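# this one's sequence-less:
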């Protein structure tokens with residue numbers, strides 16, 4: 001009887017395992033679906049697509065008038081790392097044929113949202129986005145990160161400020177060597193300790209509306225667009 005029971009349990013386990021293996025995963029890992037409909041509705045060439053994570057995502061939601069006024073398209077997705085952005089870059093940037101793509105990315109890589117990744121590999125993803133853009137006659141514009149001195153959802157990460165500074169240095173170096181425009185949000189928003197000014201962010205990572213307003217003025221300046 002015990003032997004029969006064991007055989008039955010093993011058989012059921014095999015059936016359940018086989019069923020799980022045969023079930024195809026349907027997760028949209030890079031979240032192509034987020035902007036699918038919006039991309040189809042873009043009828044005029046944008047001046048710039050802003051590619052990024054929750055910082056860009058929140059920006060487009062909090063101040064949509066800025067994007068509409070200057071013919072900018074926001075393509076940020078909360079929580080995404082540079083690997084996600086690289087995968088969806090063709091659909092969310094190239095297919096829209098903008099003059100510029102403004103890339104603000106990296107903080108979620110540092111936060112290990114998708115697992116550990118070395119800074120040089122994060123930079124490699126950013127470089128790949130730049131190369132894809134240039135191959136499609138789109139001018140890449142790089143941004144330094146908001147100068148976070150901590151990451152609220154990763155309290156165990158004690159060297160956030162150092163990692164942000166290191167990745168920003170890689171971004172600036174690559175931009176200088178390749179004659180790319182840089183929007184230096186770090187210099188714009190840093191306090192005396194090297195973190196984000198408390199009047200510009202409630203958590204050191206995500207800007208308040210006042211923070212976004214400063215970023216907007218600097219972005220327009222770097223792109224050579226006269227404020228309206």
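Happy to help now that I have it. Please read these numbers as outputs of a predicted model, since none were measured by experiment.

# which stretches of the chain have low pLDDT?
Across the chain, the ranges flagged by pLDDT under 70 are 1-22.

# for it, just list every one of the helices.
2-22, 36-40, 54-62, 64-69, 82-92, 107-110, 119-135, 160-177, 185-189, 209-223 (DSSP state H).

# check which helices and strands the fifth one is in contact with.
Spelled out, it's helix 82-92. In terms of contacts (3 or more CB pairs under 8 Å, 6 or more residues apart in numbering; DSSP states H and E), helix 82-92 is packed against helix 36-40, strand 48-52, helix 119-135. Quick note: C-beta positions are derived from backbone N, CA and C, even for glycine.

# switch the cut-off to 10 Å
helix 36-40, strand 48-52, strand 72-76, strand 100-104, helix 107-110, helix 119-135 (3 or more CB pairs under 10 Å, 6 or more residues apart in numbering; DSSP states H and E).

# deepest-packed of these, please.
When the helices and strands packed on helix 82-92 are scored by mean count of other CB atoms under 10 Å, the highest mean neighbour count falls to strand 48-52 (a mean of 27).

# just give me how far it sits from the chain centre.
Computed by CA atoms, centre = their mean, to the nearest Å, the chain-centroid distance of strand 48-52 equals 9 Å.

# circling back to that earlier point, for the helices and strands packed on helix 82-92, which one sits closest to residue 185?
Set against residue 185 and scored by CB to CB, these come closest in strand 100-104, at 7.4 Å.

# partner strands of the closest one, with direction?
Strand 100-104 sits in its sheet next to strand 48-52 (parallel), strand 139-143 (parallel), going by DSSP bridges.

# ok, now how distant is the closest residue in space to residue 214 that isn't next to it in sequence from residue 35?
The shortest distance from residue 214 to any non-neighbouring residue, by CB to CB, 6 or more residues apart in numbering, is to residue 188 (5.8 Å). Separation of residue 188 from residue 35 (CB to CB, to the nearest Å): 27 Å.

# and for residue 124?
For residue 124 relative to residue 35 (CB to CB), the value is 24 Å.

# then residue 108?
Residue 108 sits 18 Å away from residue 35, going by CB to CB.

# dump the strands paired with strand 100-104 to a markdown table, plus distance to residue 58.
Putting the strands paired with strand 100-104 into a markdown table (distance: least, CB to CB, whole Å) gives the following:
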| stretch | distance to residue 58 |
| --- | --- |
| strand 48-52 | 10 |
| strand 139-143 | 15 |
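
# which one of these lies closest to residue 95?
strand 48-52 (9.9 Å).

# okay, the angle between that closest one and helix 54-62?
130 degrees (axes from the mean of the first three to the mean of the last three CA atoms, to 10 degrees).

# so residue 187 versus residue 133, what's the distance?
24 Å.

# repeat for residue 34
To residue 133, residue 34 is 20 Å away according to CB to CB.

# and residue 112, by the same measure?
Distance from residue 112 to residue 133, by CB to CB: 26 Å.

# for residue 65, same thing?
To residue 133, residue 65 is 26 Å away according to CB to CB.

# ditto for residue 122
Residue 122 sits 17 Å away from residue 133, going by CB to CB.

# same question, residue 126
According to CB to CB, residue 126 and residue 133 sit 11 Å apart.
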